[in-house]
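>>> Model the structure of this input:
(2 chains)
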Amino acid sequence: MMRKCHLNTCPVGVATQDPVLRKRFAGKPEHVINYFFFVAEEARELMAKLGIRKFSDLIGRSDLLDVKKGIEHWKAKGLDFTRVFHVPNMPPAHVGGPARYNCERQDHGLEKALDYRLIELAKPALERGERVAIDMPIRNINRTVGAMLSGTIARLYAHEGLPEDTIHIRFAGSAGQSFGAFLARGVTLELIGDTNDYCGKGLSGGRISVQPSPKFRGEPTQNIITGNVVLYGAIAGEAYFRGVAGERFAVRNSGAQAVVEGVGDHGCEYMTGGTVVVLGMTGRNFGAGMSGGIAYVLDEDGSFAQRCNTAMVQMEPVLSEAEQEGKVSRDLWHQGKSDEAILKGMIEDHARHTGSMQAKQILENWNACRGKFVKVFPNEYRRALGELAAKGKKLAA
Amino acid sequence: MGKVTGFLEYQRLAETAEPSRERVKHYREFIAHLPDQEASIQGARCMDCGTPFCMTGCPINNIIPDWNDLVYKQNWKQALDALHSTNNFPEFTGRICPAPCEEACTLNISNAPVGIKSIEHAIIDKGWDMGWVAPQPPAHKTGRRAAVVGSGPAGLACAQQLARAGHEVVVFEKNDRIGGLLRYGIPDFKMEKSLIDRRMEQMSAEGVVFRVNQDVGGNVAARDLVQEFDAVVLTGGAEQPRDLPIPGRDLDGIYFAMDFLPLQNRRVAGDKNVPDLLATGKQVVIIGGGDTGSDCVGTSNRHGAKSVAQFELLPQPPAHENKLLTWPDWPVKLRSSSSHEEGCSRDWAVTTKSFRGEGGKVKALVAARVEWKMDKASGQLKMTEISGSEFEMPADLVLLAMGFVGPLQKVLDAFGVAKDQRGNARAGTDGPGCYATSVAKVFAAGDMRRGQSLVVWAIREGRQCARAVDEFLMGSSELPR
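Down below sits the predicted model:
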């Protein structure tokens, strides 16, 4: 009927937040119920006509498909689906033929998840708030490590979680997918090694730090340490990667802060909040669709402008605190702090948590290096900060 | 798409009409198209739904959102091209189409629909005023000849399309002027006849030859046409009126609507010796509540009738439809035409039982009220007379406007084409061989094929049939489907 869900002008009040238009919504839950009853009824009638009793008996019955309709259409000319619709000669499932629909439960091996051990070992912290330190190896078969532990914390303490660093876990090895997903406040995952994709997905207040094994001889700013789509939809917490991340780093991040020594394409895509520091090269299309938060990118050779998507963001220099005080209204300061203070503080944290040489060198030559950083400032964020300040002043007056 | 928030900002605006009191004194059109600025604002109300139901509600699939947007942006020339790309005669439909598109408009669910018809009216009138409507003669002639029998909207649309495809087209019309019901059915006050003349001029320049007073099946033999032409298209309309065979039917003063309406169009056209069938000073009763009946109301009032009453057999429909049930389809609801506004009494669920006369002239009709109930067995509405509800209505002119049962059989029989159960020429509308009758080289379109319908459906069939004929003649066709 309408395809205007993105314009807030849905005339029947379905896909809109406009109170005037929402009043026009005439639907009732009963209509949906009725609709499904009709669907079910019609499906039953059609099945009865075909002599089929159960839905599962329909699966794979390509011989019942009506293939005549639409054949007159010019686009359909020359199309022949007989091979696609061919039914191999084999007995039905109930007399020993192959299964044609889901007949067995999938075994996720959940009982073998590392998190059961972590929950067990973290009992003093979970029950009494005592500090706990855990040391264990990790392999890439260990997926979503930390998520069930975080779930346990959330059940006991909700989003508040535990005091910072209450549960400190040191892993060594190569972590599987979604390492530290949904990690709760009070948990620190310190990994010596590398991670797969989706590390820190939905990060919810915990801290993740990843650094290469001391045996690794490569240059961290030139080597991948974590996979694609890291910190997807993170909402709070910190993450430090002494190495380069894959594509879509911090996509849809809405509140976490992260430091990384290089990213692939589409960094900070659709980001709406939080802070990202990149101490190295980026791929193309950085900041596409970014509407909130700030990214600080080290642009050593001045080529970042070619790779930043400026449809929704602006690139600015990172001023010293004194300069910023003089030139920029405090209303527009990210998190109420100066860029220099935020950036320097995060690089210091990165050095502390990962032992990054890149971070140490930057801090040693801070005055020279600060000027090489580019601040990526979303236009929408700037507008929102301005409006918030104006609103605040109006309320105060 | 117009303006994104246009529908929230602007109200639907009706075209201005001359007051009833004034307009019944003449036979000219009395509705003015919207000025450019107003039309632009009406275009801004279009929401560019994404799935435009207006386009499927329209029988010729007018690309309505596109020209709404173009008018909003005051891009009139392009709007005219978009409009003409699907509609040969927007000046006809922009005046007399009941606008099923507006019923299907998504805005109609919860608001007043976009004034699509008024925008169409504004575009085409401006197009003619600016001289943008020019002949489009074909670049190449094919050397094939096609005869079109009947010059109503289906025949004209078919002829124009075929001529533009490069065929030599001859239109045969049994009356003395081209246009069919457009010419002699629809009164001048709804659509002035100069509009047809203007189109004919364009079509003549495109190569269409018009021949009037050619009664195919009468003074012109069907056999000759089939021999002389490579294809023959039958677009003779559905002229056979539904009769009311009740006692007193043979009294003087009882006429079919189509015995009455054409005479007035002839008078307006300046013809001499037009028979004196007038409603002046008479008590007129019109039987039939449709558009033809409404045209009789308007014409009778202009004649200066003493009183005008209209009877309808079906019950009075509700003033407003339940849009959740009817949208986007054409809803049954009470519709009042401009002729009704000019004064007439309307009565529903009335059946006429007999005519009473004096000295061979009708003086009154005897009618009764009926009740409509669903027949459980068949699921159809069945009518029963309410006993004791009989009443008499004085009348000295009775006009029968109860619809048309089908085409004149004479033409179909002359060609020997097969007919469907309702006596229409039998031909499909889809796939290979569409619009072709059972007789080789002979095609049929419009009311002659589908039975009585709207002008816009006739245009659709004429256009589609032209493509079928072009394909038949050339093996393939570039004409729109």
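
>>> Now do the contacts for residue 214.
Assuming you mean chain A. A:I192 (Cβ atoms under 8 Å, 6 or more residues apart in numbering or on different chains). Heads up, the C-betas are built off the backbone N, CA and C, glycines and all.

>>> that's the wrong chain, I wanted chain B
B:172-174, B:220.

>>> Apply 6 Å and report the result again.
B:172, B:220 (Cβ atoms under 6 Å, 6 or more residues apart in numbering or on different chains).

>>> can you tell me the helix or strand for it?
If you go by DSSP states H and E, B:Q214 is not part of any helix or strand.

>>> B:L182 too?
Using DSSP H and E, B:L182 falls in helix B:181-184.

>>> May I have that helix as CSV, with CA atoms only?
Presented in CSV, the C-alpha positions along helix B:181-184 are these (Å, rounded to 0.1, in the frame of the first residue of the first chain):
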residue,chain,number,x,y,z
LEU,B,181,-22.1,8.1,-27.5
LEU,B,182,-19.5,10.9,-26.9
ARG,B,183,-21.3,12.8,-29.7
TYR,B,184,-24.9,11.9,-29.2
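
>>> Can you pull out the residues in contact with the next helix or strand after it?
On the C-terminal side of helix B:181-184, the closest following helix or strand by DSSP H and E is helix B:194-205. Identification of contacts with helix B:194-205 by Cβ under 6 Å, 6+ apart yields B:91, B:135, B:160, B:178-179, B:182-183.

>>> Just the C-alpha atoms of helix B:194-205, please, in PDB.
Output of helix B:194-205 as PDB, limited to C-alpha atoms (Å, rounded to 0.1, in the frame of the first residue of the first chain):
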ATOM      1  CA  SER B 194     -15.800  20.800 -30.200                       C
ATOM      2  CA  LEU B 195     -13.500  18.600 -28.200                       C
ATOM      3  CA  ILE B 196     -14.300  15.700 -30.500                       C
ATOM      4  CA  ASP B 197     -13.800  17.800 -33.600                       C
ATOM      5  CA  ARG B 198     -10.400  19.000 -32.300                       C
ATOM      6  CA  ARG B 199      -9.300  15.400 -31.800                       C
ATOM      7  CA  MET B 200     -10.600  14.400 -35.300                       C
ATOM      8  CA  GLU B 201      -8.500  17.100 -36.800                       C
ATOM      9  CA  GLN B 202      -5.400  15.700 -35.100                       C
ATOM     10  CA  MET B 203      -6.400  12.100 -36.200                       C
ATOM     11  CA  SER B 204      -7.000  13.200 -39.700                       C
ATOM     12  CA  ALA B 205      -3.500  14.700 -39.800                       C
END
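
>>> Which one of the residues in the stretch 201-350 of chain B is closest to chain A?
As assessed by Cβ to the nearest Cβ, chain A sits closest to B:L324 within the stretch 201-350 of chain B, at 6.3 Å.

>>> wait, is that residue part of a helix?
Yes: under DSSP: H, G, I helix; E, B strand; the rest coil, B:L324 sits within a helix.

>>> Can you tell me the closest non-neighbouring residue to it?
Distances taken as Cβ to Cβ, 6 or more residues apart in numbering or on different chains put A:A26 closest to B:L324, at 6.3 Å, once the chain neighbours are dropped.

>>> For the residue in the stretch 101-250 of chain B that chain A sits nearest to, the count of nearby residues, please.
Taking Cβ to the nearest Cβ, chain A has its nearest neighbour within the stretch 101-250 of chain B at B:S110, 4.3 Å off. Residues lying near B:S110 (other Cβ atoms under 10 Å in any protein chain shown) number 17.

>>> Buried residues of the longest strand along chain B, list them for me.
Longest strand in chain B by number of residues (criterion: DSSP state E): strand B:361-374. Residues of strand B:361-374 classed as buried by neighbour count (16 or more other Cβ atoms under 10 Å in any protein chain shown): B:362-370.

>>> which one of those is nearest chain A?
Within the buried residues of strand B:361-374, distances to chain A taken as Cβ to the nearest Cβ reach their minimum at B:V370, with 34.3 Å.

>>> which residues touch that closest one?
B:349, B:351, B:383, B:385.

>>> Which among those count as buried?
Among those, those classed as buried by 16+ other Cβ under 10 Å are B:349, B:351.

>>> Does A:F36 lie in a helix or a strand, and which?
Using DSSP H and E, A:F36 sits within helix A:29-50.

>>> so how far is that helix from its chain's centroid?
38 Å (Cα atoms, centre = their mean, to the nearest Å).
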